[in-house]
Each structure stands twice: as C-alpha cells, then as structure tokens.
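*Asks:* any chance you can model this:
(chains A and B)
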Amino acid sequence: MSIVDFISQFAPEVILTIAALAVMIIGLGLGTKEKRALGYLAAISLIVATLIIVFRGTYHLQLEGIMADSLTIDPMSQFFKLTFLLVSLIVVIASLKQYDNHSNQDEYYTLILLGTIGMMVVASAIDIVTMFIGFELASLSTYALAGFNKKDPSSMEAAIKYFIVGALSSTLLLFGLSYLYGLSGGLTNIGEIADYFSMNPGIIQSPMGIMAMVLIVAGFGFKMALVPFHMWAPDTYQGSPTVISALLAAGSKKMAFVAAFRVLLIAMIAIKVDIAMVFIILAILTMTLGNVVALSQKSLKRMLAYSSVAQAGYISMVFVVMSPEAMTGAVLYVMSHAFMKTGAFIAVAALGYMLLRENISAKDVDHLDNFAGLGKRSPFLAFSIMIFLFALAGIPPTAGFVSKFILFYSVLKGGFVFLVIIAILNSALSLYYYARVVKYMYVLPPSSSEKLALPGAYSLAILLALIGVLAIGIVPEPFVNWAASAANVLGL
Amino acid sequence: MVLFSHNAIENDFITFLYIEYNSTLIGHLGDDMEIIDTFIPVAIFLLFGLAIPLVIMFLVKQLSPRSKSPVKFTTYESGSVPTGSSKIMFNVEYYAYAILFVLFDVELLFLYPWVTVYVNDVVLNNVENFTTSFSVFAMALFMVVVLLGLLYEWKKGVLQWVK
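*Replies:* Model prediction:
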C-alpha cells in the first residue's frame, strides 16, 4: 500500500481539511456579502465527503504504513463519520441563512469543518493519543462556536462553561489514559493494550488499574453528559447559538460515544462486572434525571438539552450489556438521535430566526409560548417538529422507534429486566413533555394569525433531517445491517 | 589481551546489574501491592508539600506583628499616593504574541525530530531522490499550514500593536 493509497482512504478528511483552510484564507480578502459563497463552499465539501463515504460503503481495510497503528477504516468508523458529516452538513445548510450577514462567517464555517475533521479522526482512531488529538481538535473548535454570538451574554456563559468543563474532562480522560499507557508498559494502541491486559488481568484489577478506569469513565461521562457529570449540558445547549447546539448535541457528544465504545472494551476483559455495575447506576440516574427535569422546562432548547441527557442514558445501557445486539442498537441509536436532535434544534432555530426577523427585540424566542398555534402559522415547521419530538419519544414509524426497540430488546435479552422496565417507564414519562409541545402547536390558539415564512435554507436543512428520521424508521434494514457490521468490529 | 578480558568482565557485570534491576522492576509490576510501594516517595513529597505551606502560614500568623491603619488598605503604588480608579481598561495585546510564539515554538519542535528522520533517509537509506521523499512532503505540508496561520494573523492585523 503506497502512501497515495493510504491518503486516498482518508479522502473525506483531506477534502474537508483543504476546504477548511481554503475558507479561512479566501475569507480574508472578501467583504461580508461575498463571504456568503464560503458557506456554499463548506456545504459542497461536506456533500462530496459524505458521498465518498456512502459510495465506499461498509468495508474493513487492513491499513499499512506509518499511521496503520493509529487509524483504521472499518464499518464502525465509516458509520460514525457518515453521522458526523450529515449533522455538519445540516448545520451548515441551516447556518447559510442564520449568519448570512455576519462579518465572521468565514471563521464560523472553518471552525465547523475543523470540528468535523476532529470528530472523524476520533471515529477512525484506534490509538489513545490519536484519539485524544481528535477530541481536542473537535473540542477547541466547538468551544469557540458555542460563544460565536459574542454580544450575547448567555452565549458567552455557554462557551465558558463548556470550555472549563471540557478542559476538566479532557484532563481526567488524559490522566486515565496515561495510567493505561504506564500500566501496559508503554502501549498506545487500544487493541494491543486490551491484549496485554487479557494476558495480565491482575494489572487492570489492581488499584492503579481501577483508578485508570474510574478516571476514563468520568472523563467520558463528562463528554457524554451522563448524570452526575451533566451540569454543563443544559446551560451550554441553551446558551449557544441554536444551530451550534445541534452540532454539540448531535456531533461532539456522539464523538464521545464512539471513543467510549472502543476504549471501554479494554475494561471489559477483566472488570466487566464492575463496569456493568457502574453503568447500571449511571444509566438509571441519567435517564431518570434527564426526563424528570425536562418535564418542567419552559424553554424548548433547555428541554431538548435535558432530553439529550436522558437519551445518553438510554445509549449508555450498552456498556452494561456489551453484547453485539446491544452494540448494534446503540450504534443505530447514535445515528437516529443525531438526526432527531439536529432536526429539533434546527427547527427551534428556524422559529427563533423568524420571530427575531419580525421583532428584533424579541426575548426568549425558544419559550414554549412562542410555539402556540404554530400549526397554523407555519404548517411545515410544526409538522417536522412534531415528527422529531415523536421520534425522540420513540413512536413508530420513526428512527427513534427502531433504535429504541433494538436497544431495549437486546438489554432485555442480556438479562437486565429491571433496567429495561426503568427505561420504558422513562420513555413513557418523556412522552408527556414532547406531547405538550405538540399540544401547544396544534391545539392552542396562535398569538397572531400572521403566517411565518420559513427561509429556504432552513426548510432544506429540516427536510434533510426529516428524511433521515423517516428513512431509518421506514426502511431500517440497510441501517441496521451497517450498524450490526459496525458492532462486529469490536469483537464482543 | 588482559585489558580486553577485563573490559568484557566489566561489561558482563554491568549487564548483570541491569538485568537484576529490570527483574526487580518486573517483579514490582507483577505484584499488585508493590506498585503502590514504588509511589511511597511521591506520597512523602505530597504530604510534605501540603504540610509546609500550612506550617509556614501558621508560624507567620503567630510571629509577625500586625498593624491595622487605614493606609494599609490603600492600593500600593510603589510608595506614592495612589491616584484615580483602579478599574481602568487596558489593551490585552499580549495574547496575540503568545499565540504567535506558540505557533513558531511548535514549528521548531517539529522541525528538530524531522531533521533526524531526514538525515536517516538521506545518509543511511540512501534515498536517491530525497527531495521528493515522504519526509520532505510531510514537512512541506506542515510548513504550508503554519504559514497559512501566519498569513491569517497578519491579514487580521494582529501584528500591529495598536489597531
């Protein structure tokens, strides 16, 4: 395998890197009006990268060369790369309208592209150092994006909280990984570390080994926003620009999941029971607290943030069971949740944009009252929000149903009946606050009878997310197959 | 001849010591409790490090004389009488220089190991067309990215002290 072949395997990343640098440099010489073209450039690069991933499909390739120990191409990495690319694409398309008069939109698109590259590196990484660098690339970009509305105090608050907690969690994670490195005698490849510990199980069961796993679980817990590491998530998702909340909830949070899928496998060898116990507690706490607190939220962004916490609780049930079926469900859930959450956040962003266009001094545009009578004022927006919320609750024929079904069924098959009962009760609980929004939109009278005109960019972004949610819901087979082959990679 | 054998014995002895040392290390790693034992010096350092400031603070509180005059609570401006408010705005321009410094520091950090690889390529492996070798390509790519960063800063007017 020559170096050119090697690089061509990472063509999507290379294309995005070139596009990110091009957007940054071209943007230097352009005025605000001309910079709009850069958004389209970013969108085109994302489309090309997505198409490459889709057409290459699922395959496992044994890489050779200098980076073969650090990066891999397998169904798992490709599945997550596709998720990240689609989320970024939807976010970029929605941003075309949101920021078309912003003087720093070139930096905005550069940061989104660089963040996407970071997530893709994490998806491909099989080496703890490479994984950490990918994490940091994505994190540093998203810290800046969370504070992109520089004049808005809540956006700054979101960015600072996200930055401090992100830095803390990176430290914990790095500390834990450094213990693994030391205990394994200087190995960084995840597979090699796992092999080493399976031959010497005493080392990972020693106090140092347990300490390493605790630090790693806490580091990932912050990044996945599991209770009790979730405090930053509601404030950050509420305060950030809404399109960026979509990227954070659907992109950078899912990056932590793919990394955890790969790294926590190390722990599965010798301390499986302990890790299962930890995650039983974390999963129950996370889904219950997320859903209960979401019940009383009046801000839709905050409600979606708590619902995102709850969904992370469902997904983290996979660490309890760790069977191939459960992993299939979790991997599929990650993609479904990415579509549902992106769609819901972008729809809220679209409403906020339209309300602010009507009345520049409008406050709390994501308040529940603003959704009253939306079914009459903007039928398409109301319909798509309804679909996204029902998908989040897990109602057929949406992606939420299929992935929840596979995940819950596999946990049941794994013998954790009480866990499934709690998860299903939580799903029922969540339906209350999702259905309340639908009631506001379709039953309550509108505050004004004026129609709201949805800008084309938003319509396209919402439509893409809608297609994703319904496609996984109605034709689940190819997605499930891909998720299953992704789960097989881990060799559970 | 004698000298040679003497050297050999010495080398063997060093090798023996090295193996002994390594095997004790491996023995440590094999046993769970003894890993913790190797951290006892660290724990002693930690305890002393935590205790010494507390002891010193306590001693200072006990030994030093105290005076509570209003002058003591004024802002210290090298002995002269303070003027104006302490809450003023000033330019935070240094951060840009810090970023520039990091940029070129990292560049240098990468260039140094690269040189060793490059020499390896040219001298030891006799790569004929070394200007097109992978190491040159990789470093050229890196330099281009760093230069783009510099270009970006320059165009944004960071290199001017007062904008």
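
*Asks:* what about the nearest residue to residue A:444 once chain neighbours are set aside, how many residues nearby?
*Replies:* Closest residue to residue A:444 apart from its sequence neighbours, by Cβ to Cβ, 6 or more residues apart in numbering or on different chains: residue A:372 at 4.3 Å. Placement of C-beta: from N, CA and C, glycine included. When counting by other Cβ atoms under 10 Å in any protein chain shown, one arrives at 19 neighbours for residue A:372.

*Asks:* cool, the one 10 residues further on as well?
*Replies:* Applying other Cβ under 10 Å, we find 23 residues neighbouring residue A:382.

*Asks:* picking that back up, isn't the residue nearest to residue A:444 up against residue A:442?
*Replies:* No - Residue A:372 is beyond contact range of residue A:442, at 9.9 Å (criterion: Cβ atoms under 8 Å).

*Asks:* and the residue nearest to residue A:444, how far is that from residue A:213?
*Replies:* For residue A:372, the distance to residue A:213 (Cβ to Cβ, to the nearest Å) stands at 49 Å.

*Asks:* tell me the pLDDT at the closest residue to chain B within the stretch 101-250 of chain A?
*Replies:* Closest contact between the stretch 101-250 of chain A and chain B, by Cβ to the nearest Cβ, is at residue A:206 (4.2 Å). With respect to pLDDT, residue A:206 scores 86.

*Asks:* any stretches of chain B with poor pLDDT?
*Replies:* Applying pLDDT under 70 to chain B picks out residues B:1-36, B:121, B:123-133, B:163.

*Asks:* and the helices in it, which stretches?
*Replies:* Along chain B, counting by DSSP state H, helices occupy B:2-30, B:32-37, B:40-63, B:94-119, B:134-155.

*Asks:* show me what the fourth one is packed up against.
*Replies:* Meaning helix B:94-119. The contact analysis (3 or more Cβ pairs under 8 Å, 6 or more residues apart in numbering or on different chains; DSSP states H and E) places helix B:94-119 against helix B:134-155.

*Asks:* buried set for the helix it packs on?
*Replies:* B:135, B:136, B:139, B:149, B:152 (16 or more other Cβ atoms under 10 Å in any protein chain shown).

*Asks:* contacts with chain A among those, please.
*Replies:* Contacts with chain A within the buried residues of helix B:134-155, counted by Cβ under 8 Å from any Cβ of the partner chain: residue B:152.

*Asks:* out of the buried residues of helix B:134-155, who's nearest chain A?
*Replies:* Ranked by distance to chain A (Cβ to the nearest Cβ), these are led by residue B:152 at 6.1 Å.

*Asks:* report how many residues lie close to the residue nearest to that closest one when sequence neighbours are not counted.
*Replies:* Spatial nearest neighbour of residue B:152, excluding adjacent residues (Cβ to Cβ, 6+ apart): residue A:24 at 6.1 Å. By the criterion of other Cβ under 10 Å, residue A:24 has 21 neighbours.

*Asks:* ok, now residue A:383?
*Replies:* With other Cβ under 10 Å as criterion, residue A:383 counts 17.

*Asks:* from chain B, how far out is it?
*Replies:* 43 Å (Cβ to the nearest Cβ, to the nearest Å).

*Asks:* and the strand or helix carrying that residue, what does it pack against?
*Replies:* Following DSSP states H and E, one finds residue A:383 within helix A:379-393. Contact partners of helix A:379-393 among helices and strands, from 3+ Cβ pairs under 8 Å, 6+ apart: helix A:324-358, helix A:374-377, helix A:399-413, helix A:417-442, helix A:456-474.

*Asks:* point out the most buried one among those.
*Replies:* Of all those, helix A:324-358 has the most neighbours on average by mean count of other Cβ atoms under 10 Å in any protein chain shown, namely a mean of 25.

*Asks:* how about the residues of the stretch 1-150 of chain A near chain B?
*Replies:* Counting by Cβ under 8 Å from any Cβ, the stretch 1-150 of chain A comes close to chain B at A:3, A:21, A:24, A:25, A:28, A:29.

*Asks:* for these, which one is nearest residue B:106?
*Replies:* Nearest to residue B:106, judged by Cβ to Cβ, of the residues of the stretch 1-150 of chain A next to chain B is residue A:21 at 17.0 Å.

*Asks:* re the thing from before, so which of the helices and strands packed on helix A:379-393 comes closest to residue A:118?
*Replies:* Of all the helices and strands packed on helix A:379-393, helix A:324-358 sits nearest to residue A:118, with 16.0 Å by Cβ to Cβ.

*Asks:* pLDDT averaged over the closest one, what's the number?
*Replies:* pLDDT averaged over helix A:324-358 gives 93.

*Asks:* the nearest residue to residue A:442 once chain neighbours are set aside: what's it in contact with?
*Replies:* Excluding the flanking residues, the one nearest residue A:442 by Cβ to Cβ, 6+ apart is residue A:375, at 4.3 Å. Listed by Cβ atoms under 8 Å, 6 or more residues apart in numbering or on different chains, the contact partners of residue A:375 are A:382, A:383, A:441, A:442.
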